[in-house]
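Student: Pasted the sequence and its predicted model underneath.
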Amino acid sequence: MSESVTTVPSSPERLTTVVARNSAFVLGSQIAIKILAFLFNVFIVRRLGDVHFGKYAAVVAYIQMFAIFSDLGMAPYALREIARDRKSIYWLLPNLVTLRLILSSLVVAGVTTGVYLLGKDPSFVLGVFIAGCSLFIYSFQGPLDTTLMAWERLDLSAKYTLVNQLVFWTVGALLLLAGGGYIGLLMAMLLGVTSVALLSGRTVAREVKFGDLKVDWRRWRPLLLAGLPFGVSGISFVLESNFDIAFMSFALTDAVVGWYAVAYTLAVVMMPVAQSVCQSMYPTLVREHALGVNPIGPVIAKTLKYLLLLALPVAVGGTLVSDKLIRLLYTDQFAVSGLIFALLIWDLPAFFITELTGPTCLVLGLEKEVARVNMFNAIIHVALDIVLIPTLGVMGAAIAEVGARWLRVALHWRLLGTDRLTGGRWLPLIRVILSALSMGAVVFLLRDMHLFIMVGVGALAYLVLILVTRAVEPQEIRQILRMISRRGSPVPQTVTVPTVQDK
């Protein structure tokens, strides 16, 4: 990776500028991706129907649930280490790729054999194998994407993610129209991952001397042990995200799985927004905290408020328009999904909070503590699924999902402390909550109107409310406008840092 002289803004203003720049690139791409992904998901559901969409969701859930065992937390560990010392890439990248290829082979063989022995039909077993093959591609793409994020090139990572989705949507739509079913979708997913791996590899290759990359099996054990706390947290996350659908595919019918998957997919449509913002902050906060230059507390508190500004009105409004929204998008065949969605949408604000608190714990070096908290939470979630799904059916899965998610919020909050997350100021968060609830009252009064009128008036009312209640204060608006107009170029301070060029 080449060294060059780059102008870097000084002290606290630098931290805000870098975080804002990365967040803007990634958030902008995610908005575009999610709009297109939302439309494509509607097309998929309508094309496959409840039974086949249920099978597709179950296949993806199986692979995602076991995919963490192909990484075991090494990626987030590598991200932190490369962000601290960019030269560490020369031993981390080759050893990470090699270990992931070995682990992926074990996972694909084990999961495919497992679903076959459990009696699933041949097309389902084939689907699991095809989806599992993506793990081999991710053995390269995962470390490459980690490198780009550690270099604070979230713009490139976001751009390549968009390419991935475009390939998946284009090829997937063609195969669906040709009668390829959910197997065709899985093939399109594999092609999309391959395309982004090639793009990421090209970029990294231009900045790294590949002759200096060394595979050293003696580093494998320390690397696995260092990633283990991150891996435990990752295992807990995938259990919470995918165990319910995987378990329902045995306990309930494929159609019921399809109803739940539709509601869940719609409920989480905004979750990557929080992931993008928090991922874009992470490498910068790691470096700033390690150097002790800028306090990260104010950035954390302000980010929490902004995340809730987005999530709370969606949760409140989504509950009130759930039935109309589901019927409009997915037809009356999925009417049951409306009630499920009304509950699952409350996953959103909890997810936004934990996407911030999780990385904050890692920045502060609390990976072991947060790993214990997350694993405890995952065990509770799985236990709730096992108890509630056979007794309450699909609503039992929804209750377990939302209950476990908010339990994670409480545990993370207790670990970090209120002062660190709020800066000792509750009033800004109270204003956000009041604005969202007041907007909900307006939407409720319009419950007999058309869905578009409810959503439009509700959105306008919320914008007015956050200004009236000062949930967004005038100086914050001025700061945002000033940052946009200045395009992130305050008084420079000359510092030598590594740069990555998108050639």
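Tutor: That came in fine, so what should we check first?
Student: quick one: buried residues of the helix or strand where L362 lies?
Tutor: Assigning secondary structure by DSSP states H and E places L362 in helix 347-363. Along helix 347-363, these residues count as buried under the neighbour rule (16 or more other CB atoms under 10 Å): 347-363. Every residue, glycine included, has its C-beta placed from N, CA and C.
Student: who does the helix or strand following it touch, helix- and strand-wise?
Tutor: On the C-terminal side of helix 347-363, the closest following helix or strand by DSSP H and E is helix 367-392. For helix 367-392, the contact count by 3 or more CB pairs under 8 Å, 6 or more residues apart in numbering; DSSP states H and E identifies helix 220-251, helix 347-363, helix 394-416 as packing neighbours.
Student: mind checking the SS state of W259?
Tutor: W259 carries the three-state label helix when classified by DSSP: H, G, I helix; E, B strand; the rest coil.
Student: just to revisit the earlier point, which one, of the helices and strands packed on helix 367-392, ends up nearest to I326?
Tutor: I326 lies closest to helix 394-416 among those, at 13.6 Å (CB to CB).
Student: right, and the helix or strand after the closest one?
Tutor: The helix or strand immediately downstream of helix 394-416 is helix 418-422, counting by DSSP H and E.
Student: Settle this for me: L148 is touching A158, isn't it.
Tutor: No. The pair L148 and A158 does not pass the contact test of CB atoms under 8 Å, sitting 9.6 Å apart.
Student: follow-up on the earlier one: which one of the helices and strands packed on helix 367-392 has the most crowded surroundings?
Tutor: The densest packing among the helices and strands packed on helix 367-392, expressed as mean neighbour count by mean count of other CB atoms under 10 Å, is seen in helix 347-363 with a mean of 23.
Student: For that helix, give the mean pLDDT please.
Tutor: Across helix 347-363, the average pLDDT comes to 86.
Student: Which strands or helices does it pack on?
Tutor: Based on contacts counted as 3+ CB pairs under 8 Å, 6+ apart, the elements that helix 347-363 packs against are helix 271-291, helix 297-330, helix 367-392, helix 394-416, helix 418-422.
Student: what's the angle between the longest one and helix 394-416?
Tutor: To tie it back to what came earlier, the one meant is helix 297-330. Compare the direction of helix 297-330 with that of helix 394-416 by axes from the mean of the first three to the mean of the last three CA atoms, to 10 degrees and you get 170 degrees.
Student: what's the model's confidence in helix 297-330, averaged?
Tutor: For helix 297-330, mean pLDDT rounds to 89.
Student: can you list the helices and strands packed on helix 367-392 in CSV and add distance to L308?
Tutor: Written out in CSV, the entries for the helices and strands packed on helix 367-392 read as follows (distance: least, CB to CB, whole Å):
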stretch, distance to L308
helix 220-251, 21
helix 347-363, 6
helix 394-416, 11
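Student: Which among the ones you listed is found nearest to V167?
Tutor: Of all the helices and strands packed on helix 367-392, it is helix 220-251 that lies closest to V167, at 23.7 Å by CB to CB.
Student: The closest one: how far from the chain's middle?
Tutor: 15 Å (CA atoms, centre = their mean, to the nearest Å).
Student: again with stretch 310-328
Tutor: Between the mean C-alpha location of stretch 310-328 and the chain-wide mean there is a distance of 20 Å, by CA atoms, centre = their mean.
Student: For it, which outside residues touch it?
Tutor: Stretch 310-328 has contacts (CB atoms under 8 Å, 6 or more residues apart in numbering) with 262-263, 266-267, 270, 273-274, 334-335, 337-339, 341-342, 345-346, 348-349, 351-352, 432-433, 435-437, 439-440, 443-444, 447, 451, 454-455, 458-459, 462.
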